[in-house]
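# sequence first, predicted model second:
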Amino acid sequence: MRILGITIPEDKRLEIGLTAIFGIGRSQAKNILDKAKVDWGIKSKDLSTEKENEIRKLIEKIKVEGDLKREIAGNIKRLKDIKCYRGVRHLRSLPSRGQRTKTNSRTRRGNTRKTMGTGRRAIDKK
């Protein structure tokens, strides 16, 4: 089953398989399946073409994949352009939601090899 160019895994339950689409999580997938009157536990290979088309129509109404990514990128660009605090944090590649940076955020800052250490030296015992 393909929706918006994304292949939905056939061996997984439909509730989980729909999360392969960017912008659809577990709760959104459950809502879509409820509206289409499809059981969550059914697998996509067991789905009838009528139900498949119904699910496809419901997903096309939601902003997902490329449109959603463009909107997110536009929102971040707007924050950078107006130079607000969150925008500056994005510009500097630092966490923008209040996390500490002294000890954590190694992946965000990009220095995965450097570690702080304890500051102690090994004392020679004679």
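Nice, I can see it.
# alpha carbons only for contacts and neighbour counts from here, please
Noted.
# and this protein, what are its domain boundaries?
Domain assignment for the chain by automatic domain parsing gives 2-62, 66-109.
# okay, those domains, which one's buried deepest?
domain 2-62 (a mean of 16; mean count of other Cα atoms under 10 Å).
# mind putting the domains of the chain into CSV with mean pLDDT?
Listed next are these as CSV, based on pLDDT from 0 to 100:
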stretch, mean pLDDT
domain 2-62, 91
domain 66-109, 91
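# residue 58 contacts residue 32, correct?
Yes: between residue 58 and residue 32 there is a contact under Cα atoms under 8 Å: 6.6 Å.
# so what sits against both of these two?
Counting by Cα atoms under 8 Å, 6 or more residues apart in numbering, residue 58 and residue 32 have no contacts in common.
# quick one: the helices in the chain?
14-17, 26-35, 49-61, 65-81, 85-91, 106-109 (DSSP state H).
# as CSV, these with distance to residue 5 would be great.
Formatted as CSV, the helices of the chain follow (distance: least, Cα to Cα, whole Å):
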stretch, distance to residue 5
helix 14-17, 14
helix 26-35, 17
helix 49-61, 11
helix 65-81, 10
helix 85-91, 30
helix 106-109, 31
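# what's the closest of those to residue 42?
Closest approach to residue 42 among those is made by helix 14-17 (5.9 Å; Cα to Cα).
# distance from the closest one to the middle of the chain?
16 Å (Cα atoms, centre = their mean, to the nearest Å).
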